[in-house]
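Visitor: Let me see the structure of the following:
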Amino acid sequence: MAAVTIVHLPGTVPKCAMPKGSSGGQQDNRIGFETEVGPPIERPRATWVPEIYNISLPLITLQAFRDFKEWFESDLGWGVNAFVFKHPITGDDGVWKIMPTSPPYQVSKPLLNSTMPGFEQRKCIQISFTIMSINSAVPS
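Guide: Numbering: from 1, shown residues only. Sure, this is the predicted structure:
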């Protein structure tokens, strides 16, 4: 197996998904073959199967969003590298990659008056993306 570059999220960005902000599961690992006589034969495609989840991070500040964007572009190599993240359901640490989509992550924020004092310190930005588990050990 080729070496995988694994990075960590910046300290200002949550390392877990919102408790009710995840959906997904394990990919189907079956492959089938038609036979000339009898039922089709099925077998596993591989000895390991990735899990894919659509997740939303807890709300973050504008500065944390800037940190996330910088991390995505530099450390994550625009989504090429893997990163340490808590499993969206079990909470166990694992290695994940952001799935290639366009855009690779979604950003939203509620309608707030950005001229109000303290706007940058408010947790009002939502980031969501799709992640896939990687069969790799979590670095210490």
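Visitor: For the residue of the chain positioned farthest from its centre, give me the pLDDT.
Guide: Residue farthest from the centre of the chain, counting by C-alpha atoms, centre = their mean, is residue 37 at 43.7 Å. Here the pLDDT value assigned to residue 37 is 89.
Visitor: Quick check: it vs residue 101, distance?
Guide: Look at residue 37 and residue 101: by C-beta to C-beta, to the nearest Å, they are 43 Å apart. (Each C-beta comes from the backbone N, C-alpha and C, glycine too.)
Visitor: do residue 93 as well
Guide: Between residue 93 and residue 101 the computed distance is 24 Å (C-beta to C-beta).
Visitor: Those two: which is more packed in?
Guide: Using other C-beta atoms under 10 Å as the criterion, residue 93 and residue 101 rank with residue 93 on top: 14 against 11.
Visitor: Chain neighbours aside, what residue packs nearest to residue 46?
Guide: residue 29 (6.4 Å; C-beta to C-beta, 6 or more residues apart in numbering).
Visitor: and what of residue 71?
Guide: Nearest residue to residue 71 in three dimensions, chain neighbours excluded: residue 10, at 5.0 Å (C-beta to C-beta, 6+ apart).
Visitor: The one you found falls within a strand, correct?
Guide: No. Using DSSP: H, G, I helix; E, B strand; the rest coil, the assignment for residue 10 is coil, not a strand.
Visitor: that older thread, so the residue nearest to residue 46 sits against residue 47, correct?
Guide: No. Using C-beta atoms under 8 Å, residue 29 is not in contact with residue 47, being 9.2 Å away.
Visitor: Okay then, goodbye and thanks.
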